[in-house]
Structure formats: structure tokens, C-alpha cells
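**Student:** Here is my input, please return the structure:
(2 chains)
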Amino acid sequence: MSKYFTSIMLVLLMGYSVNAQNDSIVNDSIRYTQKYGLRVGVDLSKIVQTAIDDDYTGFEINADYRYSKNLYIAGELGTEEKTTSTNFLNSTASGSYIKAGIDYNMYKNWFGMENMIYSGFRLGASTFSQTINSYTIFNTNQDFSQTTVTDAANINGLTAIWAELILGIKAEVINNLYVGLNVQFKGRVSETEPDNFENIYIPGFGRTYDSGRFGIGFGYNVSYLIPLYKKGK
Amino acid sequence: MKKIIVLFLLFSAFYSCEKDDICSESTPTTPKLIIRFYDISSQEETKNVTGLRVTAFDENNIEVLISNLNIVTTDSISLPLRTDANLTKFVLYKDYVDDVTIGNPDTVTIRYEREDVYVSRACGFRTIFNNLTFSFENDGDNWIVNDEVINSLIDNETTAHVKIFH
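**Tutor:** Sure, this is the predicted structure:
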């Protein structure tokens, strides 16, 4: 976790210095208009994790459309495959997901800036499968050697639906190019409970916890704004 | 900006506190077979077996000693069952002294059907045993006289599964 945290802090600092640069471009004579359009991007953290983590493959496209001054219609489409292993169990979850909702910009931009500190809401849905690659039978008695079962069980046709609260930032680093960082708090609304197993990892939702239906995720997005029109404040 | 930093601190704390991936010792495990010894002449009464030593044949057909059952006097034992086969063969020695004076060995075969039941992500699966049957070989000098399976499903260790009369 510490490696993620360090990179998150770096990104925050980067974003901050970019903001500071933009502040100097002030010109009273220009009419205050802002860009409206469709912003399309990818989650860079998933691409990086795919590259460095053998147990993970993931890709996510995200988009938002500016509906009004502070309101954006937003969504994500992605696919993930994740292998989870503990001392006794090794399983892989694989599937795709879609999330749709809104982002609300809470940040009052200075003149000429179009950055966001936003909170958002999403409804997410995933269809996925889980494969039990192997398990070692849990037995506190050690008189016989441990039994490991490797004939994989494959559980298909699993689904899950969840809600997300998002907090994040988006900063325009160069014209129309944005980097953003967000954290997602999730709660499952419904899910298919597999027979004699559980959903260890749900694509789009992330890992599940024994404590209940809540989860957490984060994203580091790079996105490009396709400006459609400009509109005054 | 400060709020977001606090948020990410909380986020990292949330991750590191999670203990779901460690299998706790108190988790229900693969149960053992519980045998109680009864008096053949007074079948309601339990009766101690003296100098009892129990061994079992493992997957390589090698005789291994069952832990805590090396020359004990008791009216109740719990035996681990093999989770890689549908039977476990035990040798129950009565009045065992040492390698030379082995007392009276009786060979017992426990047959069952295995079912692996999901426990948790940390502990994986445990095995429970269905349709238990008990048999002992007639060697002409058995100290075991009779047996009775009182619970053919082994999914816990709270009550006895088999009675042996001697």
C-alpha cells in the first residue's frame, strides 16, 4: 500500500504545481467562457498494475459529459482478471463491468481554469466468473500430510450490483488533457452467491471483505476533452 | 487539498488493517472421528482401554503414529481421517509396551465419502465426512468385540460418532 500512497502524493503535488502555473494567465478583457464537451480517458493505474502485477489484468475506459456548469454525466466500462491467493486458497475472478452516474464539481475555479474537485455517484454492475485454481484442505491435525486439491472448479454466470460514492480531483495539465485521481467507496446492493464458495473479487468492485458488503477502490485517470461548445459562466 | 490527503490516509489505513487473509486457529477445521469405548458386559458404561497406542496408514501405506495416542489409558479418542482417500486404516494396540511387547493390535477400517465445504478466503475449504462405516478385521484374537456407528456424518467434534465395545 505504501508504494501506492507515495505515488498518490506525487500526483497530488504535480497537480498542485500545475494549478499554480495556470493562475498567472489572467486577462480581464476576455469573456469568461468554459468548455463543454465529452471527456474520454483510461484508468492508468489499471494499465500499470497489469504491467507490474502477474496476478492482475485490467483495463478501463471512462467518459464524462458536461451537462451543466457543475454537473457531469459519467461512466466507466472495464474488464478485470484477478488471482487471489492465501495460504489455503488460490482463485481467479474474471469479468467485465459498467458503471454509470454523475459527478458534481465542488471546486470554484479561478478565472481561466477548468479543474475539478468533485464528488460523484455511480451504480455499477458486473458479470463475471470465478475459478478455484487450488486449495489446501484446512486441517489443524498434521498426522497425515496436507491434501491439496487442484482440479479447478469453474463458476460461471455470476453477477453483482453495487453503488459507489466517489471523491476525486481532475486537473487540466495541458490544453484539453486532464489527469485525475479518485477514491471510490462502494457498497454491494446484490450479488450472486456461488454455491459452496463466495465472491472473493468482483471485477469493477474490487476485492470483497469478510466484514460485509463494503469495498474501496481508486483510480488514476488520464482523459482528453473533446470540446463541443463553449458557454459563459 | 488537505481533506483529500486525510482521505487517502484513511484509505491506506483501511487496507493495512484488513485481517481477512489470515486463517485464525479458532476457525472450524476438518473434524476428527470421535470414538468412545464401552463395556461389552455393561453396554451403558464407558470402559477405559489400557495402554492404547494408535497408528494409521498414510498415503504411502506407511504406518504413522497418531499424535497424543501413544500408550494412553482412556475411554475416548479422536482420530484424524485422511482427506485424500475415502478410507483410513488404523491399528489400535491394546496394552502396548514397546516395539517388542506390542500387546494386542486390532486393525480397523473407516470408510466414508468426503465433502469439501467452503470456510473462508483465508482458510479455504475443510472436509466433512458422510456415510461413515466402521469395520475391524477378524484376527482370531480381537480385543474389540463389537462396534456401533451412532453418527454417520462427521462435521463436528462435539459428540461421539462410533462406539467400540470391549
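**Student:** the helices in chain B, which residues?
**Tutor:** B:2-16 (DSSP state H).
**Student:** Find the closest residue to chain A in it.
**Tutor:** Going by Cβ to the nearest Cβ, chain A is nearest to residue B:124 of chain B, at 3.3 Å. Quick note: C-beta positions are derived from backbone N, CA and C, even for glycine.
**Student:** On the pLDDT front, check that residue for me.
**Tutor:** pLDDT, residue B:124: 94.
**Student:** Count residues in the vicinity of it, would you?
**Tutor:** For residue B:124, the count of nearby residues is 24 (other Cβ atoms under 10 Å in any protein chain shown).
**Student:** Might one say that it is in contact with residue A:91?
**Tutor:** No - contact between residue B:124 and residue A:91 fails when scored by Cβ atoms under 8 Å: they sit 9.2 Å apart.
**Student:** circling back: could you list every residue that touches the residue of chain B closest to chain A?
**Tutor:** Residue B:124 sits next to A:86, A:88, A:89, A:135, A:136, A:137, A:138, B:23, B:118 when contact means Cβ atoms under 8 Å, 6 or more residues apart in numbering or on different chains.
**Student:** Find the nearest non-adjacent residue to residue A:89, please.
**Tutor:** Nearest residue to residue A:89, sequence neighbours excluded (Cβ to Cβ, 6 or more residues apart in numbering or on different chains): residue B:124, at 3.7 Å.
**Student:** What's opposite the one you found in the beta bridge?
**Tutor:** Judged by DSSP bridges, the bridge partners of residue B:124 are residue B:120.
**Student:** correct me, but residue A:99 touches residue A:164?
**Tutor:** Yes - between residue A:99 and residue A:164 there is a contact under Cβ under 8 Å: 6.8 Å.
**Student:** Can you pull the residues that touch both of those two?
**Tutor:** A:122, A:123, A:124.
**Student:** secondary structure class for the last one?
**Tutor:** Which is residue A:124. strand (DSSP: H, G, I helix; E, B strand; the rest coil).
**Student:** Show me what it is bridged to.
**Tutor:** residue A:99, residue A:162.
**Student:** and it, how far is that from residue A:48?
**Tutor:** Separation of residue A:124 from residue A:48 (Cβ to Cβ, to the nearest Å): 22 Å.
**Student:** ok, these two, which is more surrounded?
**Tutor:** residue A:124 (26 against 13).
**Student:** Would you confirm that that one contacts residue A:159?
**Tutor:** No - judged on Cβ under 8 Å, residue A:124 makes no contact with residue A:159 at a distance of 11.1 Å.
**Student:** Overlap of the contact sets of these two?
**Tutor:** Joint contacts of residue A:124 and residue A:159 (Cβ under 8 Å, 6+ apart) do not exist.
**Student:** Quick check, pLDDT for the spatially most central residue of chain B.
**Tutor:** With distances taken as Cα atoms, centre = their mean, the residue of chain B nearest its centroid is residue B:32 (2.2 Å). Looking at residue B:32, its pLDDT stands at 96.
**Student:** Then residue B:97?
**Tutor:** pLDDT at residue B:97 comes out at 92.
**Student:** For stretch A:33-42, buried residues please.
**Tutor:** Judged by neighbour count using 16 or more other Cβ atoms under 10 Å in any protein chain shown, the buried positions of stretch A:33-42 are A:35, A:36, A:37, A:39, A:41, A:42.
**Student:** Over to stretch B:21-28?
**Tutor:** Buried-residue list, stretch B:21-28, by 16+ other Cβ under 10 Å: residue B:23.
**Student:** ok, now stretch A:56-63?
**Tutor:** A:56, A:57, A:58, A:60, A:62, A:63.
**Student:** neighbours around residue 55, how many?
**Tutor:** Since no chain was named, I'll use chain A. Residue A:55, neighbours per other Cβ under 10 Å, totals 12.
**Student:** Not quite, go with chain B.
**Tutor:** 21.
**Student:** secondary structure class for the residue lying farthest from the centre of chain A?
**Tutor:** Largest separation from the mean C-alpha position in chain A: residue A:143, at 46.3 Å (Cα atoms, centre = their mean). Put simply, residue A:143 is coil when judged by three-state DSSP.
**Student:** before we move on, what SS does the closest residue to residue A:215 other than its chain neighbours have?
**Tutor:** Excluding the flanking residues, the one nearest residue A:215 by Cβ to Cβ, 6+ apart is residue A:186, at 4.4 Å. At residue A:186 the chain is in strand, as set by three-state DSSP.
**Student:** I am finished for the moment; much appreciated.
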